[in-house]
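A.B. asks: A structural model of the following input is requested.
(2 chains)
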Amino acid sequence: MTKKKKISIFILLAVILVIMMFLSILSGSVYIKPHDVFNVLTGNDSSSVNALLIFNIRLPRMIAGVFAGMGLACAGVILQSVMNNSLASPNTIGVNSGAGFAVMLALFIYNGSSSHSAVFAFAGALITTFLVFGIAYLGDNSRTTIILAGITISSLLSAGINTIKLIDSDITINITTFMIGTLNGITSKAIIIPCIGIAAAVLVSICFSRHLNILNLGDDIARSLGLNVGVTRLILMTLSSIMAGCVVSYAGLLSFVGLIVPHIGRKLFGNDARILLPCSALLGAIFVISCDLLGKIIAAPYELPAGIIMSFVGGPFFLYLLLKKKGGRRVNA
Amino acid sequence: MLSFKNVNVSYHSDTILKNISLDVPSGRITTIIGPNGCGKTTLISSLNKTADLTEGSIVLEGTDLSKISSKERAKLIAFLPQIRQVIPAIPVKVLVEHGRFPHLGFSRRKTKEDTDIVNKAMDFTGVTKYSDMYVNTLSGGVRQRVFFAMILAQDCDTIILDEPTTYLDIEGQRNFYNMILSLKKRGKTVLLVLHDISKALEISDKIVVMNNSEIVFDGTPADCIESHIIEDVFSASCRRLKDEKGEYFLFE
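C.D. replies: Next comes the predicted model:
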């Protein structure tokens, strides 16, 4: 694909994102006219019920969706490169579950509510990443081992999440929606720190995109080109853990974003991380708020959590990848 | 001069390299030969820290390689490993440009000099016409030349090649050896690991024979033949063949 075509697609995606963001604010159980939404967003109406609804509920939800998509998609790009495994993502290797378990642990320790969720989620995501990486390293380090280790760790942590919820009735989180992942009920207070964390991690990742490209050539070649492979891998895994952990701290275990989006991004923009990371961030944002929007519309007046829509889309896509890549041949870098 | 000084490499209780001391002369072709598992690849892998030294040091033109950063090392030594862990789905030119990685600052912005070096490396290896093609779509021979162009783009005076012709057909091998000889003419120091003993004796200025984690011979190809060390190490017999172009050795 030519550079011009890539730029055109990028601009088109940016336009789609803006439209989806607007539609996300527009949609909900209470109908607000587009004109009124526009008035609230431009500051011409800041005191009406519409303004309260938009600023307190819909805008935080939309922003949460955009950052969740950006964070999980970029985390997926990084994990797939660092683990040299095109099936790796925050969900498939158990990073989301690690972050989720840590959030529940924080709620358990702090008696049902915690402002430390983001920090705990980051720590949980990071520990799980290293755990899966370590298990794979002790094994044959194959794609299958990484995925199986991720599934095993993920199952254990899910059991832990459910156990904490059962033994501590003070925890106010709806365990079902937390495990599936949802943007419903998100407040601006809950997303400020995680969104700053995600934005910072995405920006730093883009700064490291050349390093990611070199790492994609394999450890031996990367070393020969002067890359400190160990340190680079550590930095990138920490960044992906920050992103995944921050998302889980407010949106629960949103699945498949980090798996699907990097693949679509590679198809559209190629494997150069300098382009792939920002474009995947854009695609991830579109994907998450589109799923959230569908969840609001599809069963109206009831809402389906965004995570359910993602699973409906992501499940078949994951199977497609498994069947397409059987035999373990790596097709991207 | 690249010097290995009393180099030892162990992994758990296994000794992989035993007290290796070796001088690789500048501007010459030095080739390491030896049976599988004798430590050849480990020895050269110690140059890019894929194998860590248990004891000893490696010094290049007075610089102890353990005292400099990975990036500084990559400006001095270009290394092409034998096995490709990944065949990247990126255009040829992008892969060759990665060779400039150690020379770029944090912004990774390329200068005109970087572009010139990349173009020269591609011309030298004959891959310019594949510039926009994806590496994973190329044949094994062309792909090997592309990776070779990438390490040449590092613009180092010392070039290390581990079994560079393993997967190449006869024409590909001939082209590769011609490129290596051409690099020597340009004053580059080349350290090779080869399984093709006849070719090693033909193109090298210095032959190093390894066996059981040790160097058992270090000298000129003529001395190597006279010593009959190859026959001993490989349990092979040697036949000399002569024609108008020179003398060849056939090991059976």
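A.B. asks: who in chain B is up against chain A?
C.D. replies: B:45, B:48-50, B:69-75, B:78-81, B:83-90, B:94-95, B:98-99, B:101-102, B:104, B:106, B:108, B:136, B:147, B:150-151, B:154 (C-beta under 8 Å from any C-beta of the partner chain). Just so you know, the C-beta spots here come from the backbone N, C-alpha and C atoms, and that holds for glycine as well.
A.B. asks: among the residues you listed, name the buried ones.
C.D. replies: Buried members of the residues of chain B next to chain A, scored by 16 or more other C-beta atoms under 10 Å in any protein chain shown, are B:45, B:48-50, B:70, B:73-75, B:78-81, B:84, B:86-90, B:94-95, B:98-99, B:101-102, B:108, B:136, B:147, B:150-151, B:154.
A.B. asks: residue contacts, B:Pro91?
C.D. replies: B:131-135 (C-beta atoms under 8 Å, 6 or more residues apart in numbering or on different chains).
A.B. asks: what does B:Asn8 give?
C.D. replies: B:15, B:17-20, B:53-56.
A.B. asks: do that again at 10 Å, thanks
C.D. replies: Residues in contact with B:Asn8, defined by C-beta atoms under 10 Å, 6 or more residues apart in numbering or on different chains, are B:15-20, B:53-56, B:213.
A.B. asks: hang on, the earlier thing: rebuild the contacts of B:Pro91 as TSV, extending it with neighbour count, pLDDT and secondary structure.
C.D. replies: Formatted as TSV, the contacts of B:Pro91 follow (neighbours: other C-beta atoms under 10 Å in any protein chain shown; pLDDT from 0 to 100; DSSP: H, G, I helix; E, B strand; the rest coil):
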residue	neighbour count	pLDDT	secondary structure
B:Ser131	14	93	coil
B:Asp132	9	91	coil
B:Met133	15	92	coil
B:Tyr134	17	90	strand
B:Val135	25	91	helix
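A.B. asks: for the stretch 201-333 of chain A, which spans come out with low pLDDT?
C.D. replies: A:325-333 (pLDDT under 70).
A.B. asks: which residues of it fall in helices?
C.D. replies: With DSSP state H, counting those that start in this stretch as the criterion, the stretch 201-333 of chain A has helices at A:209-215, A:219-224, A:229-251, A:257-269, A:273-298, A:306-324.
A.B. asks: I'd like the ones you listed written out as JSON lines, with distance to A:Cys74 and mean neighbour count added.
C.D. replies: Formatted as JSON lines, those follow (distance: least, C-beta to C-beta, whole Å; neighbours: other C-beta atoms under 10 Å in any protein chain shown):
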{"stretch": "helix A:209-215", "distance to A:Cys74": "10", "mean neighbour count": "22"}
{"stretch": "helix A:219-224", "distance to A:Cys74": "20", "mean neighbour count": "24"}
{"stretch": "helix A:229-251", "distance to A:Cys74": "6", "mean neighbour count": "25"}
{"stretch": "helix A:257-269", "distance to A:Cys74": "8", "mean neighbour count": "24"}
{"stretch": "helix A:273-298", "distance to A:Cys74": "5", "mean neighbour count": "24"}
{"stretch": "helix A:306-324", "distance to A:Cys74": "17", "mean neighbour count": "17"}
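A.B. asks: okay, these in JSON lines with distance to A:Cys195 next?
C.D. replies: Shown next, in JSON lines, are those (distance: least, C-beta to C-beta, whole Å):
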{"stretch": "helix A:209-215", "distance to A:Cys195": "21"}
{"stretch": "helix A:219-224", "distance to A:Cys195": "32"}
{"stretch": "helix A:229-251", "distance to A:Cys195": "7"}
{"stretch": "helix A:257-269", "distance to A:Cys195": "16"}
{"stretch": "helix A:273-298", "distance to A:Cys195": "12"}
{"stretch": "helix A:306-324", "distance to A:Cys195": "16"}
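A.B. asks: identify the bridge partners of B:Gly246.
C.D. replies: B:Asp243 (DSSP bridges).
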